[in-house]
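1. Output the structure for:
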Amino acid sequence: MTTRQVVDQSLPKPNILRAEDNPVNHLLAQKLLQKLGQLVTAANNGREALQLWEQNQSRQFDIILMDLQMPEMDGLQASARLREQELATGAHIPIIAVTAHAIKGDRERCLAAGMDGYLTKPINPGELAATILAAFPAVLKLPADAVDALSEAPSDAELLARFDGDGEILKELAGIFLQECPRMLDEIREALRTRDPKLLKRAAHTRKGSVGNFAMSGQRETAQRLESLAKSGELFGAEDIFHALEQQVAPFNQILARHAAEPAHQPR
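-> Numbers count the residues shown, from 1 in each chain. Next up, the predicted model:
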């Protein structure tokens, strides 16, 4: 199956601040972002990123991709300083942590520093696109005849491997998931309608756990961002993140529907 993304050239291009001290890593991220139609400004460390953000208040960046390990000022320090300054204006720019070391507790430390999401290196193009879409959903339009790369749909082999090659388990769980999916999404919609952070946190957490059973890193990351936002009690931007989640749902549900309808293949 072919996966592709279409950039809507009629919409404003997100202006991204990318803080990264490794020139090779920065070039890779820059090329991937430019393919998605993004405008990228480079910073070599956290201190430089903070200065660029301060200097561009009148032409604000839309999102910051912040490496954690950098000289002079690391990503956690820069993010915490930026959030302190935002308190005076009530503004909130999405900050996504980027790190080569997926150490236990890193995600929690990033959220505590005021970051909104978390990406690991080497950067996966689908996860990067899903993160940008969650922060700035209007910039990408998905063609109806394509399987959305943002959904990161796993192959049949990957799905079966998730369940130890047991097609019967996959068939049964796919059916249950498809039955529960509308209710899970409705719970998130209700939480957004009533502006209820506790309900949103619980509903997003449920969604995150459900898609995680099928190795859906893209959807899981989007649900995680929604849950993290709800934990903060601040729901600004939650509707946009949910919109991104909705766009990720349909292609994957089509795959699960096929597995739910087909005869199960038992492991050899």
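2. ok, which stretches of the stretch 1-150 of the chain are strands?
-> Assigned by DSSP state E, counting those that start in this stretch, the stretch 1-150 of the chain shows strands spanning 6-7, 15-19, 39-43, 63-67, 95-99, 117-120, 140-141.
3. out of the ones you listed, nearest to residue 187?
-> strand 117-120 (21.8 Å; C-beta to C-beta). For glycine as for every other residue, the C-beta is placed from the backbone atoms N, C-alpha and C.
4. so what's residue 170 up against?
-> Contacts for residue 170 (C-beta atoms under 8 Å, 6 or more residues apart in numbering) come out as 159, 160, 162, 163, 259, 264.
5. These in helices, which ones?
-> Mapping these onto helices (DSSP state H) picks out 159, 160, 162, 259.
6. hmm, back to that, give me the buried entries from the contacts of residue 170.
-> Neighbour-count burial (16 or more other C-beta atoms under 10 Å) is assigned, among the contacts of residue 170, to 159, 160, 162, 163, 259.
7. for the protein, what spans make up the helices?
-> With DSSP H as the criterion, the chain has helices at 23-35, 46-55, 75-86, 106-112, 125-135, 156-162, 167-194, 197-212, 217-232, 238-261.
8. Looking at the ones you listed, which is nearest to residue 68?
-> helix 75-86 (4.3 Å).
9. Report all helices and strands that the closest one contacts.
-> Packing partners of helix 75-86 (3 or more C-beta pairs under 8 Å, 6 or more residues apart in numbering; DSSP states H and E): helix 46-55, strand 63-67, strand 95-99, helix 106-112.
10. what angle separates it from strand 63-67?
-> 150 degrees (axes from the mean of the first three to the mean of the last three C-alpha atoms, to 10 degrees).
11. what is the mean pLDDT for helix 75-86?
-> On average, the pLDDT along helix 75-86 is 91.
12. mind giving me the domain split of the chain?
-> Per the record, the chain has its domains at 9-141, 151-261, by automatic domain parsing.
13. between those, which gets the lowest average pLDDT?
-> Ranked on mean pLDDT, the bottom entry among the domains of the chain is domain 9-141, at a mean of 80.
14. how far out from the middle of the chain is that one?
-> For domain 9-141, the distance from its own C-alpha centre to the chain's C-alpha centre is 12 Å (C-alpha atoms, centre = their mean, to the nearest Å).
15. got the CA coordinates for stretch 14-33 in CSV?
-> Taking Å, rounded to 0.1, in the frame of the first residue of the first chain, the C-alpha atoms of stretch 14-33 are listed here in CSV:
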residue,chain,number,x,y,z
PRO,A,14,3.9,26.4,10.4
ASN,A,15,7.1,28.1,11.6
ILE,A,16,9.2,25.6,13.5
LEU,A,17,12.1,26.3,15.9
ARG,A,18,14.4,23.3,15.9
ALA,A,19,17.0,23.1,18.7
GLU,A,20,19.7,20.6,18.0
ASP,A,21,23.5,20.7,18.5
ASN,A,22,24.3,17.8,16.1
PRO,A,23,24.5,19.1,12.5
VAL,A,24,23.7,15.7,11.0
ASN,A,25,20.6,15.2,13.1
HIS,A,26,19.5,18.8,12.4
LEU,A,27,19.9,18.4,8.7
LEU,A,28,17.8,15.2,8.7
ALA,A,29,15.0,16.8,10.7
GLN,A,30,15.1,19.9,8.5
LYS,A,31,14.8,17.8,5.3
LEU,A,32,11.9,15.8,6.7
LEU,A,33,10.1,19.0,8.0
